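Q: Generate coordinates for the sequence data below:
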Amino acid sequence: MVGSRYVDPVDGSEYPLEEPRWRSDAGRPLMLTPGAGIGRDDIEPGERSLWRYRACLPVDIARPISLGEGRTPLVEGRWGGVRPLFKLEWLNPTGSFKDRGTSVMLSYLRQHGITSVLEDSSGNGGSSVAGYGAAGGMAVRILAPAHTSPAKIAQVAAYGARVQLVDGPREEAQAEAIRQSDRTCYASHNWQALFLEGVKTLAYELWEDLDFRAPDNVVLPVGAGSSLLGCHLGFRELVASGLIPRPPRLFAAQPLNCSPVDAAFTAGADGPVDRAVRPTIAEGTAIRHPLRLRRLLAALRDSGGATVAIPEQDIVTALGELCAQGLFVEPTSAIAAAAVTRLVDAGRITPGETTVVMLSGSGLKAATAVRDLLDGAARPASPDAHAGGAFGISGLSGGADFGASGPSGGADFGASGPSGGADFGTSGFSGGAGLGTSGPSGGGE
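A: So this is what the prediction gives:
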């Protein structure tokens, strides 16, 4: 896209894309100047990945880092009295929707000569950057809170990335990454504007999936909010190009125990609103202070959508119902399905509408936690227990037992890093899985 530039949405300052950067001179997160959108003739039909939509991206990438991300199934199911379309984003190569953003972000950085990157993450973001860094021949270092899920740490280490565990709250992992950013490029999935450009291909893909029309509703699990912001960007570009009359209503699902977006939205505020924060099983959405909160609120209001805060027991119930229908997702994804129930009951979603529910992350990353949660819950006897319905795809149930959880505090798996965090190169986990909440711009959905 000719003429695209970084822009600070607060003061309007702009910066050239020829020089990669992750924040403005004022220290704020950047966006890109709005895109014009593309038409169906701009799609590359022979490309079986998100790169079929490369014409919508703000830069030309000569040699993308790709593992076939995107083109995920869209399957119809039943949920109460409606028939939502479940978008199976957990079938992306590293197990989450974040592969869309990572593929574009790292391709852009590598094209500009960057060979080593740094990321802070408590989950899927780190796994994605590690995997795509390996595919692109880039050195990767992931800073993660010491309580990070062991399955996700194991995945990062398997890709050959260095993992530095950081003691303290989620905020400290980000703070340490920023301190190190003067030496290594900070490829943050929350700060980097090019990450959102990759995620926006989800909107174009849904448009193509639905025979070049937009759904009425899209329900997404939201922590830091990159999935929601990416969808809003893509659908707004389709409106600008005259290909859809209006964007779909976007609904942000959050755990009630950590729901800052819902707190601000329901209060009619444009910034943070106090609400108690407690541990949640949906660790991917446990973000106390979303970096782009004001932009998330604006996107929700622009689309005519809303927020939904889900109690822990309802998350477990929805997780069991999804698994009973062959959809083995992590607890974070179940929030979106649980939100559909609330939205139908409130009359915000009706049976005649086209509703997409994004299932963002794989249950294989939290198999032991899923097993333990469902062993203590009443499982649906069959898919018919919740209005039933076969999905036409074969799903997973149960999943592998990854055994131990929680990195042991003080175990040394390599050279000791700052903040008392060990560097992982191998396995060796003990202790409990982290269900705590994360800090600003954490590794959430």
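Q: residue ranges of the strands in the stretch 301-445 of the chain, please?
A: For the stretch 301-445 of the chain, strands defined by DSSP state E, counting those that start in this stretch occupy the ranges 306-310, 355-359, 423-424.
Q: so how many other residues sit close to the residue nearest to P45 when sequence neighbours are not counted?
A: Spatial nearest neighbour of P45, excluding adjacent residues (CB to CB, 6 or more residues apart in numbering): R52 at 6.9 Å. Every residue, glycine included, has its C-beta placed from N, CA and C. Residues lying near R52 (other CB atoms under 10 Å) number 19.
Q: residues contacting R52?
A: 43-46, 70-71 (CB atoms under 8 Å, 6 or more residues apart in numbering).
Q: Would you map the helices across this structure?
A: Secondary structure of the chain (DSSP state H): helices at 98-111, 124-135, 150-158, 170-180, 193-199, 201-209, 226-240, 260-266, 293-303, 312-324, 331-345, 367-375.
Q: Tabulate those helices (a markdown table), appending mean pLDDT and distance to S4.
A: A markdown table is the format used below for the helices of the chain (pLDDT from 0 to 100; distance: least, CB to CB, whole Å):
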| stretch | mean pLDDT | distance to S4 |
| --- | --- | --- |
| helix 98-111 | 98 | 11 |
| helix 124-135 | 97 | 22 |
| helix 150-158 | 91 | 31 |
| helix 170-180 | 92 | 25 |
| helix 193-199 | 98 | 9 |
| helix 201-209 | 98 | 16 |
| helix 226-240 | 98 | 12 |
| helix 260-266 | 98 | 28 |
| helix 293-303 | 98 | 18 |
| helix 312-324 | 97 | 38 |
| helix 331-345 | 98 | 31 |
| helix 367-375 | 94 | 41 |
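Q: Looking at those, spot the one closest to P84.
A: Closest approach to P84 among those (CB to CB): helix 331-345, 5.9 Å.
Q: so how far is the closest one off the chain centroid?
A: Its chain's C-alpha centre and that of helix 331-345 lie 16 Å apart, by CA atoms, centre = their mean, to the nearest Å.
Q: Quickly note the distance from the nearest residue to S241 once chain neighbours are set aside to V59.
A: Of all residues not flanking S241 in the chain, G37 sits nearest, at 3.1 Å (CB to CB, 6+ apart). Relative to V59, G37 is positioned 16 Å away (CB to CB, to the nearest Å).
Q: And for G304?
A: Counting by CB to CB, the gap from G304 to V59 is 31 Å.
Q: Of those two, give the one with the bigger neighbour count.
A: Comparing G304 with V59 by other CB under 10 Å, the one with more neighbours is V59, at 18 against 13.
Q: now the more buried one: how far from G46?
A: V59 is 21 Å from G46, by CB to CB.
Q: ok, now L233?
A: With CB to CB as the criterion, L233 and G46 are 25 Å apart.
Q: In contact with the residue nearest to the spatial centre of the chain, which residues?
A: The centre of the chain sits closest to E445, judged by CA atoms, centre = their mean, with a distance of 3.1 Å. Contacts for E445 (CB under 8 Å, 6+ apart) come out as 97, 124, 220-227, 284-285, 332, 360-361.
Q: give me the number of residues near the nearest residue in space to R278 that is not next to it in sequence?
A: The shortest distance from R278 to any non-neighbouring residue, by CB to CB, 6+ apart, is to N257 (4.2 Å). Neighbour count for N257, taken as other CB under 10 Å: 22.
Q: Wait, N257 touches E283, no?
A: No: contact criterion CB atoms under 8 Å: N257 and E283 do not qualify, at 10.8 Å.
Q: what's the neighbour count on E18?
A: Residues within reach of E18, counting by other CB under 10 Å, total 8.
Q: now it: how far from G133?
A: 22 Å.
Q: One more: R294?
A: 31 Å.
Q: Compare these two and say which one has the larger neighbour count.
A: G133 (28 against 16).
Q: contacting residues around that one?
A: Contacts of G133 by CB under 8 Å, 6+ apart are 106, 117, 139-140, 159, 161.
Q: Please read off the pLDDT at G432 from the model.
A: We have a pLDDT of 35 for G432.
Q: What of G284?
A: At G284, the pLDDT recorded in the model is 89.
Q: still on that earlier bit, out of the contacts of R52, which end up buried?
A: Buried members of the contacts of R52, counted by 16 or more other CB atoms under 10 Å: 43, 70-71.
Q: Closest to L327 out of those?
A: Distances from L327 to those, taken by CB to CB, are shortest for R71, at 18.0 Å.
Q: separation between the closest residue to that closest one other than its chain neighbours and L67?
A: Leaving aside its sequence neighbours, R71 sits nearest to R48 (CB to CB, 6+ apart; 5.7 Å). In this structure, R48 and L67 are 11 Å apart, going by CB to CB.
Q: Neighbour count: these two, which is higher?
A: Ranked by neighbour count (other CB under 10 Å), R48 and L67 place L67 first, with 17 against 12.
Q: Can you list the low-confidence ranges for the stretch 1-150 of the chain?
A: 1-2 (pLDDT under 70).
Q: For it, just list every one of the strands.
A: Under DSSP E, counting those that start in this stretch, the stretch 1-150 of the chain gives strands at 5-7, 14-16, 31-32, 74-76, 85-88, 116-120, 139-145.
Q: how far does the second one sit from the chain's center?
A: On the basis of CA atoms, centre = their mean, the separation between the geometric centre of strand 14-16 and that of its chain is 26 Å.
Q: who does it touch, helix- and strand-wise?
A: strand 5-7 (3 or more CB pairs under 8 Å, 6 or more residues apart in numbering; DSSP states H and E).
Q: cool, the fifth one as well?
A: With contacts defined as 3+ CB pairs under 8 Å, 6+ apart, strand 85-88 has these neighbours: strand 74-76, strand 355-359.
Q: so which of those strands comes closest to I153?
A: strand 355-359 (22.6 Å).
Q: What mean pLDDT does the closest one get?
A: Mean predicted confidence for strand 355-359 is 98.
Q: can you pull the alpha-carbon coordinates of that strand into PDB?
A: Presented in PDB, the C-alpha positions along strand 355-359 are these (Å, rounded to 0.1, in the frame of the first residue of the first chain):
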ATOM      1  CA  THR A 355     -23.000 -15.000  14.100                       C
ATOM      2  CA  VAL A 356     -19.300 -16.000  14.100                       C
ATOM      3  CA  VAL A 357     -17.600 -17.100  17.300                       C
ATOM      4  CA  MET A 358     -13.900 -17.100  17.300                       C
ATOM      5  CA  LEU A 359     -12.200 -20.000  19.100                       C
END
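Q: Right, I'll call it a day here.
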